[in-house]
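S.K.: Here is my input; please provide its structure:
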Amino acid sequence: NGGGALDGGLDLARLFLPRGAPLAAVADRSGKRLLVADADGPYARAPDPLYLLVDAGTASAAELFAGALRDNRRALLVAPPPGATFGKAKIQRAL
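M.R.: Numbers count the residues shown, from 1 in each chain. You can find the predicted model right below:
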């Protein structure tokens, strides 16, 4: 997935993560950090393993989704060498 809206990535990650699980760390220009977390999702405690396919074209909200599930040990990322996503690491919102 080449991207997507931030809210969509967060909403999707919320489905698979338990209460209080960190979804993203966001900082403004001054460096003030905001940690985003939310309530239980319907698939947070599913017993089946979850694998996400990613590659260098995985960017923006898709990276956030994949990273949140990986960092919370809910999913294993499967990627071709070198195993990295796009690496955008920026969030922008229209004002």
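
S.K.: shaky segments in the chain?
M.R.: 1-2, 39, 88-95 (pLDDT under 70).

S.K.: need the strands for it, in chain order.
M.R.: 22-27, 33-37, 51-53, 76-78 (DSSP state E).

S.K.: would you list these in CSV and tack on mean neighbour count and distance to A62?
M.R.: Every C-beta, even on glycine, is put in place using the N, C-alpha and C of the backbone. CSV is the format used below for the strands of the chain (neighbours: other CB atoms under 10 Å; distance: least, CB to CB, whole Å):
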stretch, mean neighbour count, distance to A62
strand 22-27, 15, 13
strand 33-37, 11, 17
strand 51-53, 12, 9
strand 76-78, 12, 11
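
S.K.: can you tell me which of the ones you listed comes nearest to R70?
M.R.: Smallest distance to R70 across the strands of the chain (CB to CB): 5.2 Å, for strand 76-78.

S.K.: JSON lines please, covering the strands of the chain and showing distance to A59.
M.R.: As requested, the strands of the chain are exported to JSON lines (distance: least, CB to CB, whole Å):
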{"stretch": "strand 22-27", "distance to A59": "15"}
{"stretch": "strand 33-37", "distance to A59": "19"}
{"stretch": "strand 51-53", "distance to A59": "14"}
{"stretch": "strand 76-78", "distance to A59": "14"}
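
S.K.: of all these, which lies closest to A5?
M.R.: strand 22-27 (13.3 Å).
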